[in-house]
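S.K.: My questions concern the predicted model and sequence given below.
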Amino acid sequence: MRKVARIASDALASAWRMYRFDKAGVLLSLAALAGNALQSYGTLAFTAQTINAAVGNDVSAFLTPLAALAGLQLFGAGLNAISAYRTSRMQLAYANACEMRLIEENGALTLAEQEHPQYEERLAMRRFAATKPFELYAQVVQLLLKLATAILGFRYLSGVHPAVGALAFAVGCLKGGLHLMLVKRKTMLNGELHRASVRPSYLYSLLTGSASQKELTVYRSRTYFKARWLSAKRVSDGILSRIQRMQLSAGFAGETISAAGYAAAACFAAWTVRERGLGAGDFMAVTMAMSLISSNLSSVLQSWAGVAETHAHLSGAGEPISGSKGSKGRVDEKHELKSDPMLGDAAGVSFEGRPGDGSENGHGKPFAFAETIDLPALRYFYPNRDKPALEIGERQIRRGEKIAILGGKGSGKSTLLKVVLGLYIPGGDPVRYDGIPVDEIDRNGMFARVQVLFQDFVRYQGTVRENMAAGHADALQDDARLRSALEAAGLGELAQGRGPDTPLGQMDPSSIYLSGGQWQKLALSRLFLRPEADLVVLDEPTSALDPLSESAAMDGIWRTFADKTVLLVTHRVALARRADRIWVLEEGRLVEDGNHETLLALGGRYARVWSEQEALHDRLNTTRSESR
């Protein structure tokens with residue numbers, strides 16, 4: 001009983017939430033509800049009068065109820081049309097508000113949470129649950145309509161014989177009760193279905209997306225992934241089939257009960273009409289009322305089953321995973337995903353970003369980097385890993401210092417950059433900028449003064465302008481700055497003609513094609529838009545460039561940010577030698593720290609890599625000389 005009370009309370013809360021969201025739409029729905037119930041009752045009464053008058057050959061008595069019946073139908077149709085249109089607008093507005101909230105919630109998550117293996121699954125469940133409050137509200141409205149119609153129908157039948165109404169009532173309850181029995185099972189299967197749908201959806205995108213086509217072709221992996229997609233589809237389709245079979249079985253059993261009950265009730269009604277000397281119209285109205293009561297009561301219970309199912313999703317019964325919360329909403333040292341960020345208050349809608357360490361809404365202390373960035377002893381784990389991806393001792397980065405970070409694949413270079421930027425928060429003491437913990441700093445203020453270029457930068461499907469300056473309103477419409485930055489990055493050809501308005505990608509039929517190197521130069525142009533940055537963080541910024549373009553790009557970076565702090569991840573010691581300090585990482589540990597000359601004298605990993613690259617360079621020069 002407590003569960004029923006809780007479901008009813010939450011259902012009414014959702015209705016109240018929708019009322020606050022759109023008062024006019026909800027009031028119109030309630031007016032349509034009352035109008036439809038009264039229309040059903042009036043239809044019963046006027047139908048009996050119309051048929052009785054027709055049988056009695058009383059034309060004047062026939063036309064009046066017939067006109068009233070037609071008027072009721074027109075009134076109901078008009079009211080329903082207006083209400084349906086208003087409800088569809090409310091549904092669209094609410095869906096947009098929910099999508100806005102999802103975008104804001106996603107922005108409030110940390111990068112570690114967004115990169116968690118379970119993130120996509122949780123996001124799918126969150127999207128599934130986001131619009132459930134409107135669905136719950138719509139179910140409540142339908143439930144009330146069916147209940148009001150059934151009550152008025154029962155009142156009409158009671159005037160003929162209470163037993164007729166009781167029989168119709170029993171049939172409706174039996175039919176609807178079958179659906180109530182399935183709520184728990186259906187909720188569980190729906191949760192399984194949404195979890196099982198994540199993999200085939202990903203594989204389908206992989207098989208049809210343009211970015212993966214070249215590898216699918218050259219690696220001949222299309223057949224393999226197609227087989228995996230079919231296998232995953234069989235699993236999700238199997239769950240869907242189970243749900244459909246369950247619903248069809250319940251529907252067939254309900255119709256069997258309804259047919260048998262209706263036949264018995266019709267016989268009893270015929271006997272009652274004959275015994276009381278009522279007319280043919282009364283018998284027609286009685287049979288209509290019986291059908292109205294049984295079908296509406298069945299619908300009431302089915303609607304309640306839908307309400308209970310929706311409530312189960314909103315209360316987390318369909319939640320696929322759970323995790324432990326870290327302090328301040330952050331992930332803990334083992335990088336566990338929080339249990340609530342993507343399946344939080346699914347019912348609430350807000351256009352304000354929520355406060356949080358990863359939000360973009362301006363909360364936190366002002367960013368300042370006038371002296372040092374202090375790194376504590378760091379240990380950082382990726383999810384489902386027992387070995388730390390990063391484990392280094394205390395270090396300090398001074399303002400204006402240029403630091404190159406070298407190491408093999410998987411040595412922790414990119415992870416270190418993300419820790420410095422506060423995108424990853426390891427356990428223990430935080431990274432501090434001029435003494436302020438990075439997780440307490442206002443993110444908007446910080447990234448207005450920090451320039452970052454990731455190795456896996458995003459190629460936005462839009463214009464050159466959007467790829468360069470999205471998020472920077474001051475530069476977005478400044479064509480002169482944009483063209484100058486393109487020139488500085490070695491993309492003079494893009495600075496001409498349509499320039500910043502040149503479309504890229506596959507969203508516009510007039511888009512132009514860029515090579516991998518040109519895309520990287522375009523990403524580099526973002527740096528030259530904001531030379532005032534206090535900190536510049538670069539992760540393999542020239543990996544797709546030829547040697548001449550690389551040299552020109554790095555000369556421009558060193559020149560532009562001569563008095564600024566630069567952190568540069570690279571595999572190329574020729575670039576690293578220009579840095580003030582060089583950090584060498586190996587398996588997540590910082591094994592060497594010094595300038596070029598110091599590390600060469602040390603004779604460690606850096607010296608070996610330098611010697612190998614120098615030897616390779618000499619062999620290439622020798623080969624070129626001999627070929628001439």
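M.R.: Sure, I can see it.

S.K.: and residue 510, what does it touch?
M.R.: Residue 510 sits next to residue 503 when contact means C-beta atoms under 8 Å, 6 or more residues apart in numbering. Glycine gets a C-beta too; all of them are placed from N, C-alpha and C.

S.K.: From residue 389, how far off is it?
M.R.: Taking C-beta to C-beta, to the nearest Å as the measure, residue 510 and residue 389 are separated by 44 Å.

S.K.: What of residue 577?
M.R.: Taking C-beta to C-beta, one finds residue 577 at 27 Å from residue 389.

S.K.: Comparing the two, which residue is more hemmed in?
M.R.: Neighbour count, other C-beta atoms under 10 Å: between residue 577 and residue 389, residue 389 has more, with 21 against 16.

S.K.: any idea how far residue 611 is from the more buried one?
M.R.: Taking C-beta to C-beta as the criterion, residue 389 is separated from residue 611 by 29 Å.

S.K.: again, but for residue 422
M.R.: Noted for residue 422: a distance of 37 Å to residue 611, by C-beta to C-beta.

S.K.: Same question for residue 588.
M.R.: Summarising the geometry, the distance separating residue 588 from residue 611, computed by C-beta to C-beta, is 25 Å.

S.K.: ok, these two, which is more surrounded?
M.R.: Neighbour tally, residue 588 and residue 611, criterion other C-beta under 10 Å: the higher count belongs to residue 588, 22 against 13.

S.K.: pretty sure residue 451 contacts residue 532?
M.R.: No - under the contact definition of C-beta atoms under 8 Å, residue 451 does not touch residue 532, with a separation of 9.4 Å.

S.K.: Give me the more crowded residue out of these two.
M.R.: When neighbours are counted by other C-beta under 10 Å, residue 451 and residue 532 differ, and residue 451 comes out ahead with 23 against 10.

S.K.: dump the residue contacts of that one.
M.R.: For residue 451, the contacting residues are 526, 527, 530, 533, 535, 536, 537, by C-beta under 8 Å, 6+ apart.

S.K.: if we go to 6 Å?
M.R.: 527, 530, 533, 536 (C-beta atoms under 6 Å, 6 or more residues apart in numbering).

S.K.: Which element, helix or strand, includes it?
M.R.: Secondary structure here is read from DSSP states H and E; on that basis residue 451 sits in strand 450-453.

S.K.: Quick one: mean pLDDT over that strand.
M.R.: If you average the pLDDT over strand 450-453, you get 92.

S.K.: Can you tell me the strand partners of it and which way each runs?
M.R.: The strands that strand 450-453 pairs with in its sheet are strand 535-539 (parallel) (by DSSP bridges).

S.K.: Distance from the chain centre to the strand it pairs with, please.
M.R.: For strand 535-539, the separation from the chain centroid amounts to 30 Å (computed by C-alpha atoms, centre = their mean, to the nearest Å).

S.K.: so after that strand, what's the next helix or strand?
M.R.: Scanning forward in sequence from strand 535-539, with DSSP H and E defining helices and strands, the next element found is helix 547-560.

S.K.: May I have that next one as CSV, with CA atoms only?
M.R.: Taking Å, rounded to 0.1, in the frame of the first residue of the first chain, the C-alpha atoms of helix 547-560 are listed here in CSV:
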residue,chain,number,x,y,z
PRO,A,547,59.3,18.7,-41.3
LEU,A,548,59.3,22.2,-42.9
SER,A,549,55.7,22.9,-41.8
GLU,A,550,56.5,21.6,-38.3
SER,A,551,59.6,23.9,-38.0
ALA,A,552,57.6,26.9,-39.2
ALA,A,553,54.7,26.1,-36.8
MET,A,554,56.9,25.7,-33.8
ASP,A,555,58.9,28.8,-34.6
GLY,A,556,55.6,30.7,-34.6
ILE,A,557,54.6,29.2,-31.3
TRP,A,558,57.9,29.9,-29.5
ARG,A,559,57.8,33.4,-30.9
THR,A,560,54.2,34.2,-30.0
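
S.K.: roughly how far is it from the heart of the chain?
M.R.: Taking C-alpha atoms, centre = their mean, one finds helix 547-560 lying 39 Å from the centre of the chain it belongs to.

S.K.: Would you mind listing the buried residues in that helix?
M.R.: Of the residues in helix 547-560, those buried under the neighbour-count criterion (16 or more other C-beta atoms under 10 Å) are 549, 550, 552, 553, 554, 556, 557, 560.

S.K.: Could you dump those into CSV with distance to residue 189 added?
M.R.: Below are the buried residues of helix 547-560 laid out as CSV (distance: C-beta to C-beta, whole Å):
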residue, distance to residue 189
549, 56
550, 56
552, 60
553, 55
554, 57
556, 59
557, 56
560, 59
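
S.K.: For residue 209, state which of those residues is nearest.
M.R.: Comparing the buried residues of helix 547-560 against residue 209 with C-beta to C-beta picks out residue 549 as the nearest, at 28.7 Å.

S.K.: ok, for the closest one, nearest residue in space, not its chain neighbours?
M.R.: Excluding the flanking residues, the one nearest residue 549 by C-beta to C-beta, 6 or more residues apart in numbering is residue 490, at 5.8 Å.

S.K.: what's the pLDDT at that neighbour?
M.R.: The predicted local confidence for residue 490 comes out at a pLDDT of 93.

S.K.: Is it correct that it is in contact with residue 523?
M.R.: No - counting by C-beta atoms under 6 Å, residue 490 stays clear of residue 523, with 11.9 Å between them.

S.K.: Could you tell me how many residues sit around residue 403?
M.R.: Residues near residue 403, counting by other C-beta under 10 Å, number 19.

S.K.: Would you check the distance separating the helix or strand encompassing it from the middle of the chain?
M.R.: Residue 403 is part of strand 402-407 when elements are defined by DSSP H and E. Taking C-alpha atoms, centre = their mean, one finds the center of strand 402-407 at 36 Å from the center of the full chain.

S.K.: now what about it, what contacts it?
M.R.: 413, 566-569, 576, 579-585.

S.K.: switch the cut-off to 7 Å
M.R.: When contacts are defined by C-beta atoms under 7 Å, 6 or more residues apart in numbering, strand 402-407 is touched by residues 397, 413, 416, 566-571, 573, 575-576, 579-586, 606.

S.K.: Give the full set of residues in contact with the residue nearest to residue 549.
M.R.: With contacts defined as C-beta under 7 Å, 6+ apart, residue 490 is in contact with 521, 549, 552, 553.

S.K.: Need the three-state assignment for it.
M.R.: Using DSSP: H, G, I helix; E, B strand; the rest coil, the secondary structure recorded for residue 490 is coil.

S.K.: need the helices for the stretch 501-628 of the chain, in chain order.
M.R.: Counting by DSSP state H, counting those that start in this stretch, the stretch 501-628 of the chain has helices at residues 516-529, 547-560, 573-576, 596-602, 605-627.

S.K.: Give me the next element, helix or strand, following the helix or strand where residue 307 lies.
M.R.: In this assignment (DSSP H and E), residue 307 forms part of helix 280-314. Moving toward the C-terminus from helix 280-314, the first helix or strand encountered (DSSP H and E) is strand 372-375.

S.K.: Pairing partners for that following strand, with directions?
M.R.: With DSSP bridges as the test, strand 372-375 pairs up with strand 395-398 (antiparallel), strand 432-433 (antiparallel).

S.K.: will you turn those into JSON lines that also has mean pLDDT, mean neighbour count and distance to residue 236?
M.R.: Supplementary listing: the strands paired with strand 372-375 in JSON lines, determined by pLDDT from 0 to 100; neighbours: other C-beta atoms under 10 Å; distance: least, C-beta to C-beta, whole Å:
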{"stretch": "strand 395-398", "mean pLDDT": "96", "mean neighbour count": "16", "distance to residue 236": "48"}
{"stretch": "strand 432-433", "mean pLDDT": "96", "mean neighbour count": "22", "distance to residue 236": "47"}
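
S.K.: Now these in a markdown table, please, with extra columns for distance to residue 515.
M.R.: Written out in a markdown table, the entries for these read as follows (distance: least, C-beta to C-beta, whole Å):
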| stretch | distance to residue 515 |
| --- | --- |
| strand 395-398 | 34 |
| strand 432-433 | 37 |
